[in-house]
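A.B. asks: build me a structure from this.
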Amino acid sequence: MYDGELVTPTLESAALAGVTRALVLEWFGGVERDIPLEQLFEAEEIFLTSTTRDVQAIHRVDDRDLPAPGTVTAQVAKIFAERSTENPNP
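C.D. replies: Numbers count the residues shown, from 1 in each chain. You can find the predicted model right below:
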């Protein structure tokens with residue numbers, strides 16, 4: 001999260017084109033943008049998406065603690081859980 005906006009790296013930057021990632025973008029929204037690694041240290045919240053973990057909050061980057069789950073991460077996880085329960089094979 002940067003300035004209240006969900007941002008994910010573009011697929012061209014070597015981010016994996018995962019199903020969970022795609023569903024989060026479809027169901028919650030967000031933008032794909034190339035992000036310099038330095039901006040990771042400025043993020044308000046960070047989460048990862050995974051087939052086995054769904055939406056997983058990140059608690060720490062190096063020595064910086066993060067709110068985990070933060071408000072947006074909790075919302076994304078809730079929406080993902082609800083939608084995937086409604087349709088387990090989207």
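A.B. asks: and the pLDDT at the closest residue to residue 18 other than its chain neighbours?
C.D. replies: With sequence-adjacent residues excluded and distances taken as C-beta to C-beta, 6 or more residues apart in numbering, residue 18 is closest to residue 49, at 6.1 Å. Bear in mind the C-beta positions are built from the backbone N, C-alpha and C, glycine included. The model reports residue 49 with a pLDDT of 94.
A.B. asks: also the one 4 residues further on?
C.D. replies: For residue 53, the model assigns a pLDDT of 92.
A.B. asks: given the helix or strand harbouring the residue nearest to residue 18, what are its sheet partners and their directions?
C.D. replies: Residue 49 is part of strand 47-50, with elements assigned from DSSP states H and E. In its sheet, strand 47-50 lies beside strand 54-57 (antiparallel), with partners assigned from DSSP bridges.
A.B. asks: distance from the chain centre to the strand it pairs with, please.
C.D. replies: Taking C-alpha atoms, centre = their mean, to the nearest Å, one finds strand 54-57 lying 7 Å from the centre of the chain it belongs to.
A.B. asks: need the next SSE after that strand, C-terminal direction.
C.D. replies: Counting by DSSP H and E, the element after strand 54-57 in chain order, helix or strand, is strand 60-61.
A.B. asks: which residue sits closest to residue 46 in space, ignoring its chain neighbours?
C.D. replies: Closest to residue 46 by C-beta to C-beta, 6+ apart is residue 58, at 4.0 Å.
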